[in-house]
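Student: Model the following, please.
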Amino acid sequence: MVLSMPRRLVSIIVVCWNQKHHLPTCLNSLRRQTYPDIEVIVVDNGCTDGTRQYVESEQPWVRVHTTGANLGYAGANNAGFTVATGDYIVVLNPDTEVDPDFVRGLVDAVDEREVGLATPRICFFDDRGVINACGNEVHLSGFGYCRGLGQPRERYAAPTRVASVSGCCFMIRRDVLDSIGGFDDDYFAYVEDTDLSVRAILAGYCILFVPRSIVYHKYALKMTPTKFFLLERNRRQTLVKNLRVGTLVALVPLTLMTNALLWAYALLHGPAYVGAKLGAQVWVYRNLGKLWDKRRRVQSLRRVPDREIVRLLSSTVPADQFVGPGLFPALAGPIMNLAYRLLAVPARLIG
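Tutor: Okay, here's the model as predicted:
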């Protein structure tokens, strides 16, 4: 006699900040799911475009949770976590459309493999044969970047353990979320998916890329001074909170090189970027006490040594994802990555 697994409720959280125009496509695709046991929660993150009114009048099957202010992507998802009732929780960007088997693919992967988090195959909305992200790669300096960006969809067809989920979309088991905590509110936006993923690995959980589950994302790669500030501040937080002191010391040459490259980027892009870079460094220095308190809490979750984390992290970066396409990244990228590989050796040995 074969016993079937009981179906589990899946809560899908869609955070919106004045993105009502994306919701019809996103929510209608969620309504077509083949997996029957879902609840969808739209988090109105301080919207002024009538998001709540649209959902209540046009999508009454969807729950709305209002934050009252813009809490950022991290804080708004955390607010959604508090009202979600599912055994599994999915985070999904509003500027997406999902395949009918999207939820079922994630649930089956987590059920069968007993992983803590699962991330789908995310393709471009307007070019559905091309990859946006198949999970994220994480560089040893703390940056996350899209795994498989711009590659043919068929190239990423096998389930694979990855270093990080994509913040655009992933599933996490409720018991894992309760164990490691949600996003760090202080991140506001960017790198919060990397931090959550590293914490999960540190606590002994596996992150799985699931190609059967497919999302189409209206993705555009762009940089602003505000984004630059958040990326720089948050990658530093991620390193301080999650890695052992010995590993951080071993990474000093690599992080110094990264810092020099980022200063060069800021100087080339003008005063606003210089201010953002300086502001990120000042924020970290001023909040070292707070970061150390967070570090103690994170380290209490530890079930694996740093080598389990470090072996999943990348020694190279795709230059075009950081400075855009062109001749400079094509020429400088190989030299930069050779230097990164050499500087990563101490961390690989000590991890």
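Student: from memory residue 237 sits against residue 195, does it?
Tutor: Yes - using CB atoms under 8 Å, residue 237 makes contact with residue 195 at a distance of 7.1 Å. To be clear about C-beta, it is placed using only N, CA and C from the backbone, and glycine gets the same treatment.
Student: Neighbour count for those two, which is higher?
Tutor: The residue with more neighbours, out of residue 237 and residue 195, is residue 195; 27 against 24, by other CB atoms under 10 Å.
Student: Could you say which helix or strand holds that one?
Tutor: According to DSSP states H and E, residue 195 maps onto helix 192-202.
Student: The helix or strand that that helix is followed by - contacts with which helices or strands?
Tutor: Note on helix 192-202: by DSSP H and E, the next helix or strand toward the C-terminus is strand 207-217. Secondary-structure packing of strand 207-217 (3 or more CB pairs under 8 Å, 6 or more residues apart in numbering; DSSP states H and E): strand 96-98, helix 102-113, strand 117-124, strand 160-161, helix 192-202.
Student: mind listing what the shortest one pairs with, with the direction of each?
Tutor: Put plainly, it is strand 160-161. Paired neighbours of strand 160-161 in the sheet (DSSP bridges): strand 207-217 (antiparallel).
Student: between the partner strand and strand 117-124, how many degrees?
Tutor: Compare the direction of strand 207-217 with that of strand 117-124 by axes from the mean of the first three to the mean of the last three CA atoms, to 10 degrees and you get 30 degrees.
Student: Pull the number of nearby residues for residue 218.
Tutor: The local packing of residue 218 (other CB under 10 Å) involves 16 other residues.
Student: Then residue 9?
Tutor: Residues near residue 9, counting by other CB under 10 Å, number 15.
Student: Test my guess that it contacts residue 87.
Tutor: Yes - at 5.6 Å, residue 9 counts as touching residue 87 under the criterion of CB under 8 Å.
Student: so what's in contact with residue 237 and residue 195 at the same time?
Tutor: Common neighbours of residue 237 and residue 195 are listed as 184, 187 (criterion: CB atoms under 8 Å, 6 or more residues apart in numbering).
Student: Residue 159 is in contact with residue 109, isn't it?
Tutor: Yes - counting by CB under 8 Å, residue 159 touches residue 109, with 6.6 Å between them.
Student: Touching both of those two, which residues are there?
Tutor: Common neighbours of residue 159 and residue 109 (CB under 8 Å, 6+ apart) are 208, 210.
Student: on contacts alone, who are the packing partners of the helix holding residue 195?
Tutor: Partner elements for helix 192-202 (3+ CB pairs under 8 Å, 6+ apart): strand 136-138, strand 169-173, helix 174-180, strand 207-217, helix 225-242, helix 306-310.
Student: wait, what's in contact with residue 78?
Tutor: Residue 78 makes contact with 71, 182, 183, 185 under the criterion CB under 8 Å, 6+ apart.
Student: Recalculate using a threshold of 6 Å.
Tutor: The neighbourhood of residue 78, defined by CB atoms under 6 Å, 6 or more residues apart in numbering, consists of 182, 183.
Student: And what about it, helix, strand or coil?
Tutor: helix (DSSP: H, G, I helix; E, B strand; the rest coil).
Student: and it, how far is that from residue 217?
Tutor: Distance from residue 78 to residue 217, counting by CB to CB, to the nearest Å: 22 Å.
Student: Kindly report the same for residue 311.
Tutor: Applying CB to CB, the value for residue 311 to residue 217 is 29 Å.
Student: Tell me which of those two has more neighbours.
Tutor: residue 217 (21 against 10).
Student: just checking, the more buried one touches residue 122?
Tutor: Yes - using CB atoms under 6 Å as the test, residue 217 is close enough to residue 122 to be in contact (5.1 Å).
Student: Starting from the worst-scoring helix or strand of the chain on mean pLDDT, tell me the next helix or strand along the chain.
Tutor: Least confident helix or strand of the chain, by mean pLDDT, DSSP states H and E, is helix 319-323 with a mean of 66. Going down the chain from helix 319-323, the next helix or strand is helix 327-350, by DSSP H and E.
Student: any idea of the mean pLDDT in stretch 55-75?
Tutor: What stretch 55-75 shows for mean pLDDT is 97.
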